[in-house]
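> sharing a sequence plus its predicted fold:
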Amino acid sequence: MPLMDTSAIPEGLTTVSDGVEMISHGGVNCYLVDTGAGPVLVDGGLPGTWTLLQQALAARGLTPADLRGVYLTHAHFDHVGMCRRLLEDHHTRTHVHPRDAPLARHPYRYAHQSPRLRYPFRYPRAIPGLVRMTLAGGLAVKGISAVPDVQPDEVLPDTGGLVPVFTPGHTYGHCALLLPDRHILFSGDALVTYDPYTALTGPRVVARAATADVTAALASLDAIEETGAALVLPGHGAPFRSGAEEAVAAARSVGVA
Ligand SMILES: [Zn+2]
Ligand SMILES: [Zn+2]
């Protein structure tokens, strides 16, 4: 039996929808979204994701200097990995919900409901994935002073119409990001299809090892369901193309590890 189901963890560049590029590295996804005003990045990946980001932009005849901004679903270390470099080298700002702004400054100082170290013993199949995350710079992410202007239900300007959907639980300020006209939901880590802590696949809430408030995380599934999105693009794992409703039903049925 293979130690890791590699198909469950995307790697490299994948065009998941017209004008939406999934950038997957070290077991983490971020997304380049084309807008009329230039591309924006949904989540900031890991430091080692930089080369792939450059490739995705080069395919558009662009460079990192052309990015309009980074919009975070939440500020865990594996979602802010390129933000400091983008700010320092290109003056690209990162935006986040106010309740995750402290986490953006200290992306390893996060709340979780179970001791993290217990998980690799209970779920050894997760270890290769966690090693990949480490090799992609997962232990060396620098914090960032992000703009705390991501407000639920208010269209983010110059983003092609991204609307934050407040989905706290995984972190206190987690927001999924919805493109309502296109029925696309960037679910961040509020709903993933691969859990880095257990290596379990299929739609689910991330394990207690990395979730601040499991009760709130489960309640936030309602908000994800209500988006009615057709395409769910998670922070970890493959895209889910059977819609938010089915993803949420699956996540509810498996519970939280
Ligand atoms: Zn997270
Ligand atoms: Zn994550």
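Alright, I've got the coordinates. Ligands and ions are numbered 1, 2, ... in the order given.
> which of the three states applies to the residue of the stretch 1-150 of the chain found nearest ligand 2?
Of all residues in the stretch 1-150 of the chain, Asp78 sits closest to ligand 2, at 4.4 Å by Cβ to the ion. Yep, even glycine has a C-beta here, placed from its N, CA and C like the rest. Three-state assignment for Asp78 (DSSP: H, G, I helix; E, B strand; the rest coil): helix.
> so it touches Gly138, yeah?
Yes. Taking contacts as Cβ atoms under 8 Å, Asp78 lies within contact range of Gly138: 6.1 Å.
> the two: which is more packed in?
Higher neighbour count among Asp78 and Gly138: Asp78, with 27 against 22, using other Cβ atoms under 10 Å.
> so what's the more buried one closest to, chain neighbours aside?
Leaving aside its sequence neighbours, Asp78 sits nearest to Val28 (Cβ to Cβ, 6 or more residues apart in numbering; 4.7 Å).
> again, but for Ser114
If the residues on either side of it in the chain are set aside, Ser114 comes closest to Arg208, at 3.9 Å by Cβ to Cβ, 6+ apart.
> wait, what's in contact with the residue in the stretch 151-257 of the chain that ligand 1 sits nearest to?
Among the residues of the stretch 151-257 of the chain, Asp189 lies closest to ligand 1, at 3.6 Å counting by Cβ to the ion. Neighbour list for Asp189: 73-74, 76, 79, 170-171, 174, 206, 210, 234-236 [criterion: Cβ atoms under 8 Å, 6 or more residues apart in numbering].
> which phi and psi values does the residue nearest to Asp78 adopt?
phi -130, psi 140 (degrees, to the nearest 10).
> that one: neighbour count?
31.
> quick one, helices of the protein?
Using DSSP state H, the helices of the chain run over 50-58, 83-90, 101-105, 118-122, 127-133, 214-219, 221-226, 244-254.
> can you give me how far the second one is from the chain middle?
Relative to the centre of its chain, helix 83-90 is centred 19 Å away, using Cα atoms, centre = their mean, to the nearest Å.
> again with the fifth one
The gap between the average C-alpha position of helix 127-133 and the chain average comes to 17 Å, counting by Cα atoms, centre = their mean.
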